[in-house]
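1. From the sequence below, what's the structure:
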Amino acid sequence: MNEHDKIRALLSLAAADVLDTGEEKQLMDHLRTCNSCGAELEKWKLLAGGLRRLPTPQPRSIVVERARAQAQIRLTEEIEHRWNRTVIIGLLMFAWILTLLSWPLVRLFTGGVLGMLDPRFNHAWIVFGVFTTTVWLAGGAAAVLLSLRQRRERRLA
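-> Below is the predicted model of the structure:
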């Protein structure tokens with residue numbers, strides 16, 4: 001592609017006023033010596049001016065209002081979803097901390113410090129941890145299933 005062809009490719013962009021300063025300078029230097037490119041640029045400018053005078057299509061107001069309402073509903077749902085997730089995570093953390101601290105505290109108060117040093121305590125602690133984890137996983141699965149059901153019901157409503 002020679003220099004003249006490169007300049008011709010810039011003519012439509014020049015008519016749309018989207019050239020950067022370097023390209024614009026290169027085009028102006030070429031136009032001083034080339035009358036055919038100057039004439040073609042004038043045609044492009046005439047076409048671009050006609051396009052600018054065309055009315056911009058506007059959507060009907062009902063379409064805009066529906067889109068705005070849908071966006072508001074989705075935004076509200078997203079905010080509610082984030083809030084619910086934050087609350088559930090906070091409650092889970094609180095419940096786990098409470099659960100994990102309750103066993104040693106109960107053991108400490110009922111058997112004293114020496115009761116916590118008993119080798120049977122470690123076995124009981126492991127059994128308690130496995131049982132608690134199982135119960136928590138079952139509760140979590142139930143919460144997820146209920147949430148999915150509620151979401152499906154919302155979509156159908």
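2. Map the structural domains onto the sequence of the protein.
-> Residue ranges of the domains in the chain are recorded as 3-53, 61-156, according to automatic domain parsing.
3. for the ones you listed, which one ends up most surrounded?
-> Of the domains of the chain, the one with the most neighbours on average (mean count of other C-beta atoms under 10 Å) is domain 3-53, at a mean of 13. For glycine as for every other residue, the C-beta is placed from the backbone atoms N, C-alpha and C.
4. any idea of the mean pLDDT for that one?
-> When pLDDT is averaged over domain 3-53, the result is 85.
5. Kindly check the end-to-end length of it for me.
-> The first and final residues of domain 3-53 sit 33 Å from each other (C-alpha to C-alpha, to the nearest Å).
6. I figured residue 19 hits residue 13, correct?
-> Yes: the criterion here is C-beta atoms under 8 Å, and residue 19 meets it with residue 13 at 5.3 Å.
7. biggest helix in this protein, by residue count?
-> Using DSSP state H to assign secondary structure, the helix with the most residues in the chain is helix 61-116.
8. from memory residue 16 sits against residue 45, does it?
-> No: counting by C-beta under 8 Å, no contact exists between residue 16 and residue 45, whose distance comes to 9.3 Å.
9. Show me whatever sits in contact with both of those two.
-> Taking C-beta atoms under 8 Å, 6 or more residues apart in numbering as the criterion, residue 16 and residue 45 do not both touch any residue.
10. helices and strands around the helix or strand where residue 28 lies, which ones?
-> Secondary structure assigned from DSSP states H and E places residue 28 in helix 21-31. Using 3 or more C-beta pairs under 8 Å, 6 or more residues apart in numbering; DSSP states H and E as the contact criterion, the neighbours of helix 21-31 among helices and strands are helix 3-15, helix 35-53.
11. what pLDDT does the residue nearest the centre of the chain get?
-> Residue closest to the mean C-alpha point of the chain, counted by C-alpha atoms, centre = their mean, is residue 78 at 10.4 Å. The predicted structure scores residue 78 at 89 on the pLDDT scale.
12. quick one: residue 131 and residue 59, what's the gap?
-> From residue 131 across to residue 59, the span is 60 Å (C-beta to C-beta, to the nearest Å).
13. Repeat that for residue 86.
-> Separation of residue 86 from residue 59 (C-beta to C-beta): 37 Å.
14. can you check residue 85 too?
-> With distances defined as C-beta to C-beta, the gap from residue 85 to residue 59 amounts to 35 Å.
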